[in-house]
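**Q** Next comes the sequence, and after it the predicted model I'd like to discuss.
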Amino acid sequence: MRLIIKDNQVVPDTWELLPKDATLDQLTNTGDVIVPLAMWLEHSHALKARDGRLGVWLDADEEAECIVEDLDSFAVIALNFPVFSDGRNYSNARLLRDRYQYQGELRSIGDVLRDQLFFMRRCGFNAYALREDHDPHAALASLQDFSEVYQAATDQPLPLFRRR
């Protein structure tokens, strides 16, 4: 079973992440699944009727506003980073946490490296599915890379000068 970092600890990943080309016929009625946005938009009524928990994943070119009305339907929202250098989903994370007050699991998926974890946490992520060639136990320490931050963010809404 794959391991992820969630809430500052390494845990087994119990969710099945469906690929973009998945169809509704491939789903069972039970089990926890994270479906692509296109599947959610097309089959939301059928997906809500399943017995298992439900999550959705957004690619870097998809906007969080597409799911705002349905946030209560998702136990997890996964944001895909197709390549290390594509940071568009940092913005989606901030929007989901700060503007839309999403309280569930916010997971980074895709080309997620240790170097990104501290900054992802600052944007509101609380779960990280690292790239397959990275060890989550070794990466866990990177959530503590810096002892103090200057700027305001989701994890610390006050800038340093306001905290003094």
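**A** Cool, got the structure.

**Q** hey, where'd the strands end up in this protein?
**A** Using DSSP state E, the strands of the chain run over residues 3-6, 9-12, 16-17, 33-36, 54-58, 76-81, 105-110, 127-128.

**Q** okay if I get the ones you listed as CSV plus mean neighbour count?
**A** (C-beta placed from N, C-alpha, C; glycine too.) Compiled in CSV, the strands of the chain are given as follows (neighbours: other C-beta atoms under 10 Å):
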stretch, mean neighbour count
strand 3-6, 20
strand 9-12, 12
strand 16-17, 18
strand 33-36, 23
strand 54-58, 23
strand 76-81, 24
strand 105-110, 23
strand 127-128, 24
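
**Q** Tell me which of those strands sits nearest to residue 162.
**A** strand 105-110 (25.1 Å; C-beta to C-beta).

**Q** where does this protein have low pLDDT?
**A** Low-confidence segments of the chain (pLDDT under 70): none present.

**Q** middle-most residue in the chain, spatially?
**A** The centre of the chain sits closest to residue 107, judged by C-alpha atoms, centre = their mean, with a distance of 2.0 Å.

**Q** From residue 15, how far out is that residue?
**A** Residue 107 sits 8 Å away from residue 15, going by C-beta to C-beta, to the nearest Å.

**Q** With residue 66 instead?
**A** 20 Å.

**Q** Look at these two and report which has more neighbours.
**A** residue 15 (23 against 15; other C-beta atoms under 10 Å).

**Q** Okay, and the beta partners of the closest residue to residue 47 other than its chain neighbours?
**A** The spatially closest residue to residue 47, leaving aside those adjacent along the chain, is residue 54, at 5.8 Å (C-beta to C-beta, 6 or more residues apart in numbering). With DSSP bridges as the criterion, residue 54 is bridged to residue 33.

**Q** In contact with residue 54: list those residues for me.
**A** 32-35, 47-48, 73-75 (C-beta atoms under 8 Å, 6 or more residues apart in numbering).

**Q** Identify, from those residues, the entry nearest to residue 138.
**A** The nearest one, if we look at the contacts of residue 54 relative to residue 138 and count by C-beta to C-beta, is residue 34, at 24.8 Å.
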